[in-house]
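> 3D model of this:
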Amino acid sequence: MAAEPYFTEQTFRFLKALAKNNSREWFADNKPRYEEHVRGPALRLIGDLATPLKAISPQLTAIAKPVGGSLFRIHRDTRFAKDKRPYKTHVGMYFAHAATKDMQRAQTAGNAAMGRLDAPGLYLHVEPGACFLGGGIWHPQPATLKRVRDYMVSNPSSWKQATRSAAFRKVFELGGEMLSRPPRGYDPEHELIDDLRRKDFVASASIDEDELLRADLPKRLAKRYAAMAPMLDWLCGALDLDF
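Predicted coordinates:
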């Protein structure tokens, strides 16, 4: 019997319809579609990614729980936003480093208010016309940012090896926000000054919707994520984390 795909055309139809009808009333009426075509398949995918991701690093977690796991909530936090639409129109999955739940370390090295440690992880984004996968550290706290920059100054060659290799660049491209000027306290003539200007240490790659409809999706994702392992390993080294 052929394996069933995780996501289907119905997944993208639901997300497109939600974008046009982003209201609590519409979502309540269509929640069975969400459970069948979006959340259910996403949780199944997360569960089936657990073993392949452990092969990349035993520190990577894939937790298939409806709440508190690797699947982001579809509800938007609108408390301080001008945009009051209640729902996201994409599916987000984050495969965190095991240390992100270490509250004691978070007090000094991460975002204690959110109960997490700044640590590298992997991400999958499913959105009609804008699907991508990626990883790294997004929006790190100031202390984390300084540690990564200082480590880069001391270890420029290993950073270049992790992010300039043919295997990495074949799949991923560095991105994220950057300072307009060199960060204060760092040599503006440093060979990696453009990377030192980064506020995020992330990389991403687009992925076709057709590929997300494949039954062998976990294998395909794991192969791509493996190309990012040297970058995640380097970031863990900067933060004294196991990888």
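> just the helices in the chain please.
Using DSSP state H, the helices of the chain run over 9-20, 24-29, 31-34, 40-56, 103-109, 142-154, 156-164, 166-171, 193-196, 209-212, 217-226, 229-238.
> And the second one, what's buried?
What it means is helix 24-29. Buried residues in helix 24-29, counted by 16 or more other Cβ atoms under 10 Å: F27. Just so you know, the C-beta spots here come from the backbone N, C-alpha and C atoms, and that holds for glycine as well.
> What's the mean pLDDT across it?
Average pLDDT, helix 24-29: 97.
> Give me the below-cutoff pLDDT ranges for the chain.
1-2, 102-116 (pLDDT under 70).
> ok, now with 50
103-104, 106-107, 109-115 (pLDDT under 50).
> what's the spacing between E9 and A3?
Using Cβ to Cβ, to the nearest Å, we find E9 at a distance of 17 Å from A3.
> sorry, that was for P156
From P156 over to A3 the distance is 45 Å, taken as Cβ to Cβ.
> now swap in W234 and tell me
35 Å.
> Next: A203.
29 Å.
> Could you do G69 as well?
On the measure of Cβ to Cβ, G69 and A3 end up 23 Å apart.
> Likewise for E25?
37 Å.
> Equivalent analysis for D210, please.
Distance from D210 to A3, by Cβ to Cβ: 16 Å.
> and what of A227?
If you go by Cβ to Cβ, the gap between A227 and A3 works out to 24 Å.
> Between the two, tell me which one has more neighbours.
A227 (19 against 9; other Cβ atoms under 10 Å).
> which ones are touching the more buried one?
A167, F168, K170, V171, F172 (Cβ atoms under 8 Å, 6 or more residues apart in numbering).
> show me the contacts for the residue lying closest to Q161 once chain neighbours are set aside.
Here the nearest residue to Q161 in space, its sequence neighbours aside, is P230; by Cβ to Cβ, 6 or more residues apart in numbering that works out to 6.9 Å. By Cβ under 8 Å, 6+ apart, P230 lies in contact with Q161, A162, T163, S165, F168.
> now those residues in CSV, with distance to H97 and neighbour count?
Formatted as CSV, the contacts of P230 follow (distance: Cβ to Cβ, whole Å; neighbours: other Cβ atoms under 10 Å):
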residue, distance to H97, neighbour count
Q161, 21, 14
A162, 16, 19
T163, 18, 21
S165, 22, 13
F168, 19, 19
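> Nearest to F80 among the contacts of A227?
Set against F80, the nearest of the contacts of A227 by Cβ to Cβ is F172 (32.1 Å).
> burial of the spatially closest residue to that closest one that is not a sequence neighbour, as a residue count?
Closest residue in space to F172, ignoring its immediate chain neighbours: A203 at 3.9 Å, by Cβ to Cβ, 6+ apart. Neighbourhood size, A203 [other Cβ under 10 Å]: 22.
> what are the bridge partners for A203, then?
G135, L174 (DSSP bridges).
> quick one: it and R197, what's the gap?
Using Cβ to Cβ, we find A203 at a distance of 16 Å from R197.
> ok, now M178?
Distance from M178 to R197, counting by Cβ to Cβ: 5 Å.
> out of those two, which sits in the busier spot?
Counted by other Cβ under 10 Å, M178 and R197 do not tie: R197 has more neighbours, with 17 against 14.
> residues in contact with the more buried one?
M178, L179, S180, R181, P182, P183.
> if you set the cut-off to 10 Å instead, what comes out?
R149, E177, M178, L179, S180, R181, P182, P183, Y186, P188 (Cβ atoms under 10 Å, 6 or more residues apart in numbering).
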